[in-house]
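Chemist: Need coordinates for the following:
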Amino acid sequence: MQETEWSSQLSWLRLIGKLLEQSELCLVSSAASEAMPSDPAPRLAQKHVRHCMAGNSGHAVAAIIIEGEKMNIIEKQIEENELVISVIGAGGIGSLLMPALARALCAGELVKEVGPVLLQVFDGDIVEEKNLQHQNFNSSDVGSKKVDALVGSLSHCQTSNLRIVGVPVDVRTATPIAHSDITIVAVDSMPVRNLVHRYSQLWLDLRCQGDGFVAFDFRVDSKVVSQSTPLEAPSASCQLPDAIESGNIQFGHHLAAAHGAQWLVQCLRIISGQTMASMPNPQSANISFGTLGRFELDKINLKPKPSNEAINHPSQLIIDLVASGNHGALPIKETLAHHAYAKDWKSLWNLADSMGREVSLLFDAEDKVWVDIGTVGQVKLSPPEGAKIPFKLWIHTHPREAYWSSTDLDSILMFSRILEQALVLGHDHCKRSIRMLTPVRDCLEDGSELSLWTDEPTVNYESLEVVVNASR
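Modeler: This is a model prediction of the structure:
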């Protein structure tokens, strides 16, 4: 091996070494790899359900059940009955991955079972001369949008069950991710990766440099993924420095695209209920040294539910998620948390009312908040594992009038010793109760622990004073 080639492999190994230092990568020797189970299918609950929602003729709900010993159901409404697959990035990886996926899905029984499918690719870049050496474009594409060139070359793959669309913008927000059922990251941008990891339920993150690649997906422990995705890390080409100028083109992006195509097809097979489907493990590999290791799969059922950030997402995204029936979507919970920290009770109640659901927000001793979406007529107080007691405040909504229901009183009574305040919101008013040290005259109930809880009069939102530390 020439010195320059060996130097490029050392660069790749240094990159893998950094990942090894911050994650639990299971190193695989040629002998051990045969003994290690590579098929996660026995641990995946497999089902794919479509049915029309009441009052939404022509729309459908896809319930995808993938992950863990127990079934994890992701339920969302899909316009035009489409299963939405989004590829972010049309460069070294994406320009190879899109044709592979389009050809695989343009015919056969699989796309009929899970389809119709919308396969869309996002990228705002234009094809340049320097792209032609390692990306899937030709000289006639130079000056065109990458996504237009790709989609144009795949027009023959469009069918009644497969629609291929190019979106000539760079992903900057959670909106396109929240509207996707499956998201594949093929762009070297840590902010985009973080968005996908946070807002997508079924995702694949493909990375490459030189002749190697790394693939994370939704099954990898979130701490490992987070440590490997620092926001401050700069973007980099899939080619090593000076590779394009010198002609020393490396082909790790081909490995990444092949892994992505295999992953997606097997994922769709699992969704369709095929019991022999086998998704490739999250891993690191390169052409020179083979498989370097596989990432351990996350034991998601053992993890406590994380608190919710307070983020005011674009109103159109929230409207679309509510209309789709995806009420448990993270952007909805984060927007509810934002309204609570901002003491915008009207907006909080209006969002809950638009979903036709009661909602609950529980603040712990460190002012972290956990959001739960209930049913039309009930939401329970559910203290999460990992929260710090005492809980400062429990907020929940009622469909119209604010009052203490029997369920509310039972919840306050059950957690009376670790809860300080409770608030129930109506359409333009609210009721509050505070736990005192001694029984009070105007209490929620005489003769029980509820005698410590004040029964305050109903007030308009403008008259309410509740301390919520938004700065945390």
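Chemist: Residue nearest the middle of this protein, spatially speaking?
Modeler: Centroid-nearest residue in the chain, with C-alpha atoms, centre = their mean: residue 200, separated by 2.2 Å.
Chemist: just how off-centre is the helix or strand where residue 361 lies within its chain?
Modeler: If you go by DSSP states H and E, residue 361 is part of strand 359-363. Distance of strand 359-363 from its chain centroid, counting by C-alpha atoms, centre = their mean, to the nearest Å, is 21 Å.
Chemist: what element comes up after it heading to the C-terminus?
Modeler: As assigned by DSSP H and E, the chain's next helix or strand after strand 359-363 is strand 369-373.
Chemist: by how many degrees do that following strand and strand 359-363 diverge?
Modeler: 160 degrees (axes from the mean of the first three to the mean of the last three C-alpha atoms, to 10 degrees).
Chemist: who's in contact with the spatially closest residue to residue 89 that is not a sequence neighbour?
Modeler: Leaving out its chain neighbours, the residue that sits closest to residue 89 by C-beta to C-beta, 6 or more residues apart in numbering is residue 187, at 3.0 Å. Using the backbone N, CA and C atoms, a C-beta is placed for each residue, glycine as well. Residues in contact with residue 187 (C-beta atoms under 8 Å, 6 or more residues apart in numbering) are 88, 89, 91, 94, 123, 171.
Chemist: For the residues you listed, work out which two are farthest apart.
Modeler: Farthest pair in the contacts of residue 187 (C-beta to C-beta) is 91 and 171. Separation: 13.4 Å.
Chemist: Relative to residue 256, how far out is the residue nearest to residue 89?
Modeler: Separation of residue 187 from residue 256 (C-beta to C-beta, to the nearest Å): 12 Å.
Chemist: Check residue 190 too.
Modeler: From residue 190 to residue 256 the distance is 17 Å (C-beta to C-beta).
Chemist: who's more crowded, those two?
Modeler: Ranked by neighbour count (other C-beta atoms under 10 Å), residue 190 and residue 256 place residue 256 first, with 27 against 15.
Chemist: Is that one within a helix or a strand, and which one?
Modeler: Assigned by DSSP H and E, residue 256 falls in helix 252-271.
Chemist: Buried residues in that helix, which are they?
Modeler: Across helix 252-271, burial judged by 16 or more other C-beta atoms under 10 Å covers 252-257, 259-261, 263-271.
Chemist: Spit out the contact partners of residue 144.
Modeler: 126, 127.
Chemist: and it, what are its phi and psi?
Modeler: The phi/psi pair for residue 144 (degrees, to the nearest 10) reads phi -90, psi 160.
Chemist: Show the model's pLDDT score for it.
Modeler: At residue 144, the predicted lDDT confidence score is 96.
Chemist: where's it relative to residue 403, distance?
Modeler: Taking C-beta to C-beta, one finds residue 144 at 62 Å from residue 403.
Chemist: circling back: the residue nearest to residue 89 should be in a helix, yeah?
Modeler: No. Counting by DSSP: H, G, I helix; E, B strand; the rest coil, residue 187 falls outside a helix, being coil.
Chemist: ok, so what distance separates residue 410 from residue 392?
Modeler: Distance of residue 410 to residue 392, computed by C-beta to C-beta: 20 Å.
Chemist: Looking at these two, which is more packed in?
Modeler: Using other C-beta under 10 Å as the criterion, residue 410 and residue 392 rank with residue 392 on top: 21 against 13.
Chemist: what about the residue nearest to the residue nearest to the centre of the chain when sequence neighbours are not counted, is that helix, strand or coil?
Modeler: Of all residues not flanking residue 200 in the chain, residue 183 sits nearest, at 4.3 Å (C-beta to C-beta, 6+ apart). Following three-state DSSP, we place residue 183 in the strand state.
Chemist: since we're on residue 380, how many residues are nearby?
Modeler: Other residues close to residue 380 by other C-beta under 10 Å number 15.
Chemist: Quick check: it touching residue 358?
Modeler: No. Using C-beta atoms under 8 Å, residue 380 makes no contact with residue 358, being 9.4 Å away.
Chemist: residues shared between the contacts of the two?
Modeler: Any residue near both residue 380 and residue 358 by C-beta under 8 Å, 6+ apart counts here, and that gives residue 374.
Chemist: My guess is residue 454 contacts residue 437. True?
Modeler: No. Judged on C-beta under 8 Å, residue 454 makes no contact with residue 437 at a distance of 11.8 Å.
Chemist: out of these two, which sits in the busier spot?
Modeler: The residue with more neighbours, out of residue 454 and residue 437, is residue 454; 16 against 6, by other C-beta under 10 Å.
Chemist: Could I get the phi/psi values of the more buried one?
Modeler: phi -70, psi 150.
Chemist: who touches it in this structure?
Modeler: Applying C-beta under 8 Å, 6+ apart to residue 454 gives the contacts 432, 433, 434, 436, 440, 442, 443, 444.
Chemist: residues contacting residue 426?
Modeler: If you count contacts by C-beta under 8 Å, 6+ apart, then residue 426 has 349, 397, 398, 400, 401, 402, 403, 458 around it.
Chemist: what number of residues lie near residue 311?
Modeler: Counted with other C-beta under 10 Å, residues neighbouring residue 311 total 14.
Chemist: Quick check: it is in a helix.
Modeler: No. Using three-state DSSP, the assignment for residue 311 is coil, not a helix.
Chemist: So for the nearest residue in space to residue 94 that is not next to it in sequence, what's the pLDDT?
Modeler: Distances taken as C-beta to C-beta, 6+ apart place residue 186 nearest to residue 94, at 3.9 Å, with adjacent residues excluded. At residue 186, the model reports a pLDDT of 96.
Chemist: Also residue 375?
Modeler: 90.
Chemist: can you list the domain ranges for the chain.
Modeler: 3-297, 315-463 (automatic domain parsing).
Chemist: starting at the chain centroid, how far to the longest one?
Modeler: By that I understand domain 3-297. With C-alpha atoms, centre = their mean as the basis, domain 3-297 stands 14 Å off its chain's centre.
Chemist: Over to the shortest one?
Modeler: Taking the mean C-alpha point of domain 315-463 and that of its whole chain, the gap between them comes to 26 Å (C-alpha atoms, centre = their mean).
Chemist: What is the end-to-end distance of it?
Modeler: 27 Å (C-alpha to C-alpha, to the nearest Å).
Chemist: Going forward, count from 831.
Modeler: I'll keep to 831 as the first residue from here, and by that count the last item is domain 1145-1293.
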